[in-house]
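Engineer: Sequence and predicted model, in that order:
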Amino acid sequence: MEQLVTRQQFNDWMVPVYAPADFIPVHGAGSWLWDQAGKDYVDFAGGIAVNALGHRHPQILQALIEQANKVWHLGNGYTNEPVLHLAKKLIDATFADKAFFCNSGAEANEAALKLARLVGHSKQPDQKNEIIAFNNAFHGRTLFTVSAGGQPKYSQDFAPLPQAITHLPFNDLAAVAQHISARTCAVIVEPIQGEGGVVPADPAFLQGLRELCDQHDAVLIFDEVQTGVGRTGELYAYQAYGVVPDILTTAKALGGGFPIGAMLTIDRLASHFQPGTHGTTYGGNPLATAVAGKVLDLINTPQVLQGVTLRHQWFIDRLNKINDQYQVFSEIRGKGLLLGAVMAARFAGQAKQLNQLAAQEGLIALIAGPDVLRFAPSLIIPETDVEEGLNRLERAVQRLVR
Ligand SMILES: *Cc1c(COP(=O)(O)O)cnc(C)c1O
């Protein structure tokens, strides 16, 4: 029998890169979690936009168990059946001709940025290597991806950083037009900045980036790690924008809770990667890809995708109602089930406090910066759970206002 563990021991034993909540969830089902004391929580966080079908979805569980009874891991000296099925599904569902698999969003972006550099070098060695990224962007925590990210606090203390990355204001097409040149090998952008505060790109901005990349022979990378796999009501957000990237990165919801990431691209770019130029031990692991294949089957259906838009409205209607009464938010924004409630000026910087009050009331949500309360619930959350979760949020709001 293992000893009882407590939240306090996190502080004793864990490298302190996180400050987790003061309770430990031990069990989940659908949109619900229970902690060690048996207290229940409605889950509007979904493991940070990961558990897109809630906790322990029976068909995902079955896919995991079935594959666990076959083979867990082979390494890249062998391919496997689940990875090929998953690649075909992603190719059929998107612009892509080829897929590369890895274990996280950061790794997917790392692959995308390396590929863009490789392509640039093949055109103009030592010249075409500049990457344009955006302020407040988030692309992961490897050194290359924190450098591409637009929050210096995540990168500056790890200098020297990868060079030739320029940050411009998000949604400012004129700034990009002024800066982009023959030296630019890639532009990387989130269709909706997630960690940066749930800020959607203007359609004209993404369209303009597409045109500028074409004019300057640069690769357009959409980081859809947070927006992908149904989150916005389309399988990928680019599909609603009608702007097609050259490379798309996806992770988070792709595994429904099992770690996996992928970079999708077109033949013309994919062929620059050759055996030996890039890789990762676990990439395309059969357990991960079997689970992701089932996640895609379940999410990429008209019912689930249209259901996201329906659920968006449930959230918006009720959040507006709460706000009419308490005036805590200045704006509710986002698409589908990636929603941000921006704290009103009077409550500036208090998103974390509201989130903590919500947890006390039995609601797990997220923040995106100091001023935005963020929701990324299961894409199939039932209406009664949305209602119950927002009842609990309202109680937290009442306490914040008091
Ligand atoms: C979460 C996130 C990442 C990083 O993904 P990890 O799996 O944590 O490495 C990258 N880009 C975006 C837009 C994200 O939201």
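Structural biologist: Arrived safely, thanks for sending. Since the structure is predicted, the reported quantities are computational estimates derived from the model, not experimental observations.
Engineer: Okay, domains of this structure per the record?
Structural biologist: In the domain annotation for the chain, the residue ranges read 7-57+302-401, 70-299 (automatic domain parsing).
Engineer: I'd like to know which of those domains is closest to L64.
Structural biologist: domain 70-299 (5.3 Å; C-beta to C-beta). In short, each C-beta sits where N, CA and C put it, glycine included.
Engineer: average model confidence for that closest one?
Structural biologist: Across domain 70-299, pLDDT averages out at 98.
Engineer: circling back to that earlier point, please identify the deepest-packed of the domains of the chain.
Structural biologist: domain 70-299 (a mean of 20; mean count of other C-beta atoms under 10 Å).
Engineer: Kindly check the end-to-end length of that one for me.
Structural biologist: This stretch, domain 70-299, spans 25 Å end to end (C-alpha to C-alpha, to the nearest Å).
Engineer: could you dump the domains of the chain to TSV with distance to the ligand?
Structural biologist: Output for those, formatted as TSV (distance: least, C-beta to the nearest ligand atom, whole Å):
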stretch	distance to the ligand
domain 7-57+302-401	7
domain 70-299	2
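Engineer: Redo the ones you listed as a markdown table? Include distance to L64.
Structural biologist: Output for these, formatted as a markdown table (distance: least, C-beta to C-beta, whole Å):
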| stretch | distance to L64 |
| --- | --- |
| domain 7-57+302-401 | 10 |
| domain 70-299 | 5 |
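Engineer: Now do the contacts for I188.
Structural biologist: The contact partners of I188, taken as C-beta atoms under 8 Å, 6 or more residues apart in numbering, are 109, 112-113, 116, 131-133, 137, 139, 148, 221, 223.
Engineer: Kindly report the same for Q3.
Structural biologist: Q3 neighbours (C-beta under 8 Å, 6+ apart): none.
Engineer: likewise F205?
Structural biologist: Contacts of F205 (C-beta under 8 Å, 6+ apart): 170-173.
Engineer: Which ones among those map onto helices?
Structural biologist: Judged by DSSP state H, the contacts of F205 include L173 as members of helices.
Engineer: spatially speaking, which residue is in the middle of the chain?
Structural biologist: With distances taken as C-alpha atoms, centre = their mean, the residue of the chain nearest its centroid is Q226 (1.8 Å).
Engineer: any idea whether that residue is helix, strand or coil?
Structural biologist: coil (DSSP: H, G, I helix; E, B strand; the rest coil).
Engineer: So I131 belongs to a strand, correct?
Structural biologist: Yes. Counting by three-state DSSP, I131 is found in a strand.
Engineer: How about the contacts made by it?
Structural biologist: I131 touches 113, 116-117, 148, 164-166, 184-188, counting by C-beta under 8 Å, 6+ apart.
Engineer: The stretch 251-400 of the chain: strands as residue ranges?
Structural biologist: Secondary structure of the stretch 251-400 of the chain (DSSP state E, counting those that start in this stretch): strands located at 261-265, 329-335, 338-343, 363-364, 366-367, 372-375.
Engineer: Just checking: what are the partner strands of the first one?
Structural biologist: Sheet pairing for strand 261-265, assigned by DSSP bridges, gives strand 98-102 (antiparallel), strand 247-250 (antiparallel).
Engineer: I'd like the ones you listed laid out as CSV, including distance to A177.
Structural biologist: Formatted as CSV, those follow (distance: least, C-beta to C-beta, whole Å):
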stretch, distance to A177
strand 98-102, 30
strand 247-250, 21
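Engineer: ok so, going back, return the member of the contacts of I131 nearest to S271.
Structural biologist: A116 (14.1 Å).
Engineer: List the contacts of that closest one.
Structural biologist: 131, 185-186, 188, 219, 221, 247.
Engineer: Give the helix, strand or coil label for it.
Structural biologist: At A116, secondary structure determined by three-state DSSP is helix.
Engineer: Name the nearest residue to it, ignoring sequence neighbours.
Structural biologist: A186 (3.5 Å; C-beta to C-beta, 6 or more residues apart in numbering).
Engineer: got CSV for the contacts of A116, with secondary structure too?
Structural biologist: What follows is these, written out as CSV (three-state DSSP):
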residue, secondary structure
I131, strand
C185, strand
A186, strand
I188, strand
V219, strand
I221, strand
I247, strand
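Engineer: I'd like to know which of those is nearest to A262.
Structural biologist: The nearest member of the contacts of A116 to A262, counting by C-beta to C-beta, is I247 at 10.8 Å.
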